[in-house]
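In: Sequence and predicted structure are below.
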Amino acid sequence: MLAAASGLGIAFVVTLTVMCGLHKLNFDSHGYPIVNDFVSFWSAGRLVLQGHALAAYDPHLRHAAEIATVGHPFKDELGWWYPPLFLFVAGALAYLPYAAAFNTLNCVTLLLHASVTAMIARRREAFFLAAAAPWAMFGMMRGQNQFLTASIIGAALLTLERRPALSGIILGLLSYKPHLGLLFPIALAFGGYWRAFGWACAGTAFWTALSGSVFGFDTFLPFIHGLSAVGHKELVTDPNYLPCLQSLYGLARSVGFSDGTAWVMQACISAACVVAIAGLWRSKAAFELKAAGVAVAIPLVTPYVWPYDLATLTVALSFLYRHRPFDGKEWAAVAISIFSFGTFWWHTSHPAALIACAAVGAVVWWRSLDAGRIAVRAREEADSAARMLPVDASAEFGPISASALSSS
């Protein structure tokens, strides 16, 4: 199965290469960049290189820069709701021409994610697993940063037990997408990883201070204001975005539920995720299961999640394989998570994340139950063995005096 996944990953890479040649990926047939998420990344980076980092948070100035990047006017408003920390990445990419920057982001972050995946799974074949899932290809077509996010999450979990300080510093980098890090304080606290918890807070403060000192602390206020405005637009008022959201909130809104009802439904599933992660990390389950559990729950706990954010499931699958190879039932669950992207053919909504996370989460649940049953059985066998041990006569009848021995 890993060989099949490796072949699928290579096929995806070949497909993307062919799409580049057919002008279906980053440039159209007229030679203009296709309007996608990467246009906003590269345009914001150009503003940074020109010394106008604050302009990246001005919708009008940023849109003018995006028009200059594309080479023609367009009506779509490409959002930029990243904190100043991500301007380091955007600025570095803007040093390159647009096409080179697009391919560099995809290739470098994919190699990083693939390396982390292979180290987690402890299998060389897993290097190709990172590109085998459909969410990987979806993100690469848009020039998104899903591999960077998954690499941060995977590396933080991979180093958590042996190098908690390094894990916390790496985890601080996730502050560039804070809504995907909501469960880590719960996991670290209930798991007792207080050293990593402290270093994660210190790392977040350090990366925030560094980005503020480089790009100006005055960028934080428009970032927060823009985040609120964009969040209201995409989560509440714009019907074009709702079918794209992979959260329970997005699905509920897409099928006709009111905003209030959808928020209640999202709050319920978020609370369930918090309780589940707290219980899992508090338990004596294997660390691989704990890591896989938090990686599965990340897309479920936030109302704002896109298909490419499911790259965290690759991290979960890697930890599950590290725990032990999949059996037939578990491979069926993995297949369901992959084929869940077939819901993109639906006209109203496509709940791929809900189906995929439920399928992979079921594997975590099955293994956790098995671990619990094994622990209970081990305790019962230990108690049974203790009852069968010979009892010391002196402990049962008390000391026997010397006179009693002589009389006998």
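Out: Structure's in. What do you need?

In: quick one: Thr261 and Arg253 touch, right?
Out: No. Thr261 lies out of contact with Arg253 (Cβ atoms under 8 Å); the separation is 9.0 Å. In this view, the C-beta of every residue, glycine as well, is placed from N, C-alpha and C.

In: Go ahead and flag the most central residue of this structure.
Out: The centroid of the chain falls nearest to Thr312 when counting by Cα atoms, centre = their mean (3.2 Å).

In: Next one: it relative to Ser115, how far apart?
Out: Distance, Thr312 to Ser115, using Cβ to Cβ, to the nearest Å: 16 Å.

In: In contact with the residue nearest to the centre of the chain, which residues?
Out: Thr312 makes contacts with 149-150, 153, 180, 295-296, 298-299, as judged by Cβ atoms under 8 Å, 6 or more residues apart in numbering.

In: Could you do Gly168 as well?
Out: Residues in contact with Gly168 (Cβ under 8 Å, 6+ apart) are 156, 195-203.

In: Now it. Nearest residue, chain neighbours left out?
Out: Among residues not flanking Gly168 along the chain, Trp199 sits closest, at 2.6 Å (Cβ to Cβ, 6 or more residues apart in numbering).

In: helices and strands around the helix or strand harbouring that neighbour, which ones?
Out: Trp199 belongs to helix 194-215 when assigned by DSSP states H and E. Counting contacts by 3 or more Cβ pairs under 8 Å, 6 or more residues apart in numbering; DSSP states H and E, helix 194-215 is packed against helix 87-94, helix 164-172, helix 184-191.

In: Could you dump these into TSV with distance to Ser340 and mean pLDDT added?
Out: Shown next, in TSV, are the helices and strands packed on helix 194-215 (distance: least, Cβ to Cβ, whole Å; pLDDT from 0 to 100):
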stretch	distance to Ser340	mean pLDDT
helix 87-94	29	95
helix 164-172	28	96
helix 184-191	25	96
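
In: now stretch 309-317, how far from the centre of its chain.
Out: Counting by Cα atoms, centre = their mean, to the nearest Å, stretch 309-317 is centred 6 Å from the centre of its parent chain.

In: same question, stretch 61-79
Out: Going by Cα atoms, centre = their mean, where stretch 61-79 is centred and where its chain is centred differ by 29 Å.

In: Quick one: end-to-end distance for it.
Out: Taking Cα to Cα, to the nearest Å as the measure, stretch 61-79 stretches 12 Å from start to finish.

In: circling back to that earlier point, quick one, the helix holding Trp199 and helix 87-94 angle?
Out: Here the directions of helix 194-215 and helix 87-94 differ by 50 degrees (axes from the mean of the first three to the mean of the last three Cα atoms, to 10 degrees).

In: And helix 194-215, what's buried?
Out: The neighbour-count check on helix 194-215 (16 or more other Cβ atoms under 10 Å) flags 196-197, 199-200, 203-204, 207-208, 211-212, 215 as buried.

In: got JSON lines for the residues you listed, with distance to Arg62 too?
Out: Putting the buried residues of helix 194-215 into JSON lines (distance: Cβ to Cβ, whole Å) gives the following:
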{"residue": "Ala196", "distance to Arg62": "36"}
{"residue": "Phe197", "distance to Arg62": "36"}
{"residue": "Trp199", "distance to Arg62": "34"}
{"residue": "Ala200", "distance to Arg62": "31"}
{"residue": "Gly203", "distance to Arg62": "28"}
{"residue": "Thr204", "distance to Arg62": "26"}
{"residue": "Trp207", "distance to Arg62": "23"}
{"residue": "Thr208", "distance to Arg62": "22"}
{"residue": "Ser211", "distance to Arg62": "18"}
{"residue": "Gly212", "distance to Arg62": "19"}
{"residue": "Phe215", "distance to Arg62": "14"}
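
In: quick one: which of the contacts of Thr312 sit in helices?
Out: Using DSSP state H, 149-150, 153, 295-296, 298-299 are the members of those that sit in helices.

In: Could you let me know which of the residues you listed ends up closest to Arg322?
Out: Arg322 has its nearest neighbour among the ones in helices among the contacts of Thr312 in Ala295, at 12.1 Å by Cβ to Cβ.

In: circling back to that earlier point, write a ChimeraX command that selects only the buried members of the ones in helices among the contacts of Thr312.
Out: Buried residues among the ones in helices among the contacts of Thr312 (16+ other Cβ under 10 Å), as a ChimeraX selection:
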select :149,150,153,295,296,298,299
